[in-house]
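> Give me a model of this one.
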Amino acid sequence: MNIPVRPLVLAAMVLAFSALVLSRAQAGGSHFFPPVADPLVKEECGSCHLAFAPSMLPARSWQRMMGDLKNHFGDDASLDPPVAARITGYLVSNAADSGGQRRGEKLTRGLDPGSAPLRITELPKWVREHREVPNWEWRHKDVRTRANCVACHADAERGYYDD
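Below you'll find the predicted structure:
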């Protein structure tokens, strides 16, 4: 029996692609955070750094951060009040402790309910996930800061932090 090679190759490619897509969706698990979907938030926050997924912090953290943009990690990130209000609304409604943010709840698990951390890099789960990264890697010229997720996670802008 002579089976044509071309259909087998095509079938193998389709199967491999499907496995890749499905494994990527599942592999995201606790390492996937839906990326920012609001164009204004992407533009304003993403003009200086990665527009971090709102589900990475609780709503109280976003409110605290947006309430003091004049002192945003050493920079003045002040915005017009209507723009700040819209961004705050988006971040709060998509925060880790907002309904349906299962992945963000994993990242913020163990936080004191009254705390409002401003740095994702100080969350207990983030610290555990990165504990084996040597200090010299954080100081590398292409990394420079623990908040530079895209230096190590190529798909961070798409919400994937599993590499």
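> most centrally placed residue in the chain?
The residue lying closest to the centre of the chain (Cα atoms, centre = their mean) is Ala53, at 4.2 Å.
> Is Val92 in contact with Ser61, as I believe?
No. Counting by Cβ atoms under 8 Å, Val92 sits too far from Ser61 to count as a contact (9.6 Å). The way it works is simple: take the backbone N, C-alpha and C, and place the C-beta from them, glycine included.
> how about Lys141, what does it touch?
With contact set as Cβ atoms under 8 Å, 6 or more residues apart in numbering, Lys141 has no partners.
> 10 Å instead, please
Ala151 (Cβ atoms under 10 Å, 6 or more residues apart in numbering).
> Got the phi and psi for the spatially closest residue to Asn94 that is not a sequence neighbour?
Spatial nearest neighbour of Asn94, excluding adjacent residues (Cβ to Cβ, 6 or more residues apart in numbering): Pro54 at 3.7 Å. Main-chain torsions, Pro54, degrees, to the nearest 10: phi -60, psi -30.
> Pro54 - how many residues pack around it?
28 (other Cβ atoms under 10 Å).
> just the one 3 residues further on next, same as before
Leu57 has 28 neighbouring residues, counting by other Cβ under 10 Å.
> just Asp112 next, same as before
The burial count for Asp112: 7, using other Cβ under 10 Å.
> Ok, the one 3 residues further on next?
Other residues near Ser115 number 11, with proximity taken as other Cβ under 10 Å.
> Quick check: which ranges of the chain have low pLDDT?
Where the chain drops to pLDDT under 70, the residues are 1-30, 99-103, 163.
> at 50 what do you get?
Along the chain, segments meeting pLDDT under 50 span 18-28.
> residue ranges for the helices of it, please.
Listed in chain order, the helices of the chain (DSSP state H) span 5-28, 39-46, 59-66, 81-93, 102-108, 124-129, 135-138.
> Spatially, what comes nearest to Leu40 if we skip its sequence neighbours?
If the residues on either side of it in the chain are set aside, Leu40 comes closest to Arg86, at 6.1 Å by Cβ to Cβ, 6+ apart.
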